[in-house]
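Trainee: Pasting a predicted model and its sequence here:
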Amino acid sequence: MRSVTEILGTKYPLIQAPMSWVTDARLVAAVSNAGGLGVLGPNAGQTEVTDDPMITAERMRQELRKARTLTNRPIGMNILTPEPDQSVADSVFTAALLKMAYEENVHHFAVVGSAHEELFADIIAHDGILIFRPLTPTVAQMRAGERLGADILVATGSDEGGVMPRQDFGTFTVVPAMVDAVSTPVLAAGGINDARGVRAAFALGAQGVYIGSRFLMTEESPMADNAKAAVLKAHFSDVLRVSPTQRSVKTPAALKYAHRYRNNDDTGLNHEISINGGLRPGMLLGDFERGIISVNNGVDTINSLPSVEALIGELMV
Ligand SMILES: Cc1cc2nc3c(=O)[nH]c(=O)nc-3n(C[C@H](O)[C@H](O)[C@H](O)COP(=O)(O)O)c2cc1C
């Protein structure tokens, strides 16, 4: 089996996970310069909303080019899989981003969703390195990803920040089960915030780590300063379930969503968070009346705001 560093062309088997609204050129270039793989997430470097796929792709092209002025190491892009019954062409955001990525010679694709034959074949035909993270990890999805040619698989525990898997199984359950089910290298994701977490991932059989939340808490991260301060202060008991698949550190908006979630009024909560701007108001703009702060539930182990280089040095000892 090829090692993760050989596949990725990086110093460390470490990927900075794509995160909606809160990645940008500066953050991803810092990760790639420090020996990991930086990955641009949706709306990277943006502050304004657009629902136009072409504008989305052009903005991403500019951010990618900006990142490349800051590093000559590889940079990845996030791709959402089309729905199982949808073609790539019909998934207009995915199609526009892929076209741009091929034009710009992007090779590293952090693909999230469910294994999609046409998409995988397309990326492979363009010489892409395919890092597949089933949104809800199951043995069947990991094996489907492997069969369709994924180079690296990511096993995500429900400890993670962002949109959580549909099933509530933690990293300690999911990672060893997935490692045993496939022969493709597996990265562990979900709740890894310090060197202990990285060592635990390796002990569970993972060949590397896929880390999101912890990179938000760095000097280079574009997350709003008051959101960083709120995460620094938070304990795990302050991380509330605000919908069937999202958590947030306590904010006025999160408290309202959480109240409704607890009272079984969860119909439409994800949709409502989304039409209220998703992660943009709380995390990028620091508007806690309107927004949530999505991070993993291991916040007790996030106690500093180091540079990306210092953080990677601490994680990968
Ligand atoms: C704020 C935030 C936004 C996220 N947005 C995305 C996204 O747009 N696309 C995606 O593939 N994953 C997204 N994720 C999930 C991450 O890629 C990754 O799976 C997760 O952060 C790993 O768990 P951790 O946060 O415990 O490190 C997001 C995670 C966070 C914390």
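Mentor: Perfect, I can see it now. Please read these numbers as outputs of a predicted model, since none were measured by experiment.
Trainee: CA only for contacts and neighbour counts going forward, please
Mentor: Noted.
Trainee: So which residues on the stretch 151-300 of the chain come close to the ligand?
Mentor: Contact residues (C-alpha under 6 Å from any ligand atom) of the stretch 151-300 of the chain with the ligand: 159-162, 189-192, 211-213, 294-296.
Trainee: and with 5 Å instead?
Mentor: When proximity is defined by C-alpha under 5 Å from any ligand atom, the stretch 151-300 of the chain lies next to the ligand at E160, G161, G162, A189, G190, G191, I211, G212, S213, S294, V295, N296.
Trainee: any idea which helix or strand carries the third one?
Mentor: When you say that, I think you mean G162. In the assignment (DSSP states H and E), G162 maps to no helix and no strand.
Trainee: The chain should start at 35 in everything you say after this.
Mentor: OK, 35 is where the count begins now, so the last one is G196.
Trainee: Now for the nearest residue to it once chain neighbours are set aside: which residues touch it?
Mentor: Spatially, and ignoring its direct neighbours in sequence, G196 is nearest to S328 (5.7 Å; C-alpha to C-alpha, 6 or more residues apart in numbering). The neighbourhood of S328, defined by C-alpha atoms under 8 Å, 6 or more residues apart in numbering, consists of G195, G196, Q280, R281, S282, V283, L313, M317.
Trainee: same question, N227
Mentor: Taking C-alpha under 8 Å, 6+ apart as the criterion, N227 is in contact with I245, S247, R248, G332, T335, I336, L349.
Trainee: Also L132?
Mentor: Residues near L132 by C-alpha under 8 Å, 6+ apart: I113.
Trainee: tell me which element it falls in.
Mentor: With secondary structure defined by DSSP H and E, L132 is part of helix 126-137.
Trainee: Most widely separated two among the contacts of S328?
Mentor: Based on C-alpha to C-alpha, the longest span within the contacts of S328 runs between Q280 and M317 and measures 13.8 Å.
Trainee: show me where this structure has helices.
Mentor: Along the chain, counting by DSSP state H, helices occupy 38-42, 59-67, 87-104, 126-137, 151-159, 173-181, 205-215, 229-237, 247-250, 259-267, 286-296, 303-309, 342-349.
Trainee: So which of these is nearest E323?
Mentor: Of all those, helix 286-296 sits nearest to E323, with 5.1 Å by C-alpha to C-alpha.
Trainee: re the thing from before, now render the helices of the chain as JSON lines, adding distance to R275.
Mentor: As requested, those are exported to JSON lines (distance: least, C-alpha to C-alpha, whole Å):
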{"stretch": "helix 38-42", "distance to R275": "33"}
{"stretch": "helix 59-67", "distance to R275": "28"}
{"stretch": "helix 87-104", "distance to R275": "30"}
{"stretch": "helix 126-137", "distance to R275": "29"}
{"stretch": "helix 151-159", "distance to R275": "32"}
{"stretch": "helix 173-181", "distance to R275": "26"}
{"stretch": "helix 205-215", "distance to R275": "18"}
{"stretch": "helix 229-237", "distance to R275": "23"}
{"stretch": "helix 247-250", "distance to R275": "16"}
{"stretch": "helix 259-267", "distance to R275": "15"}
{"stretch": "helix 286-296", "distance to R275": "6"}
{"stretch": "helix 303-309", "distance to R275": "11"}
{"stretch": "helix 342-349", "distance to R275": "28"}
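Trainee: can I get those in a markdown table with mean pLDDT?
Mentor: What follows is the helices of the chain, written out as a markdown table (pLDDT from 0 to 100):
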| stretch | mean pLDDT |
| --- | --- |
| helix 38-42 | 98 |
| helix 59-67 | 98 |
| helix 87-104 | 98 |
| helix 126-137 | 98 |
| helix 151-159 | 98 |
| helix 173-181 | 98 |
| helix 205-215 | 98 |
| helix 229-237 | 98 |
| helix 247-250 | 98 |
| helix 259-267 | 98 |
| helix 286-296 | 96 |
| helix 303-309 | 94 |
| helix 342-349 | 98 |
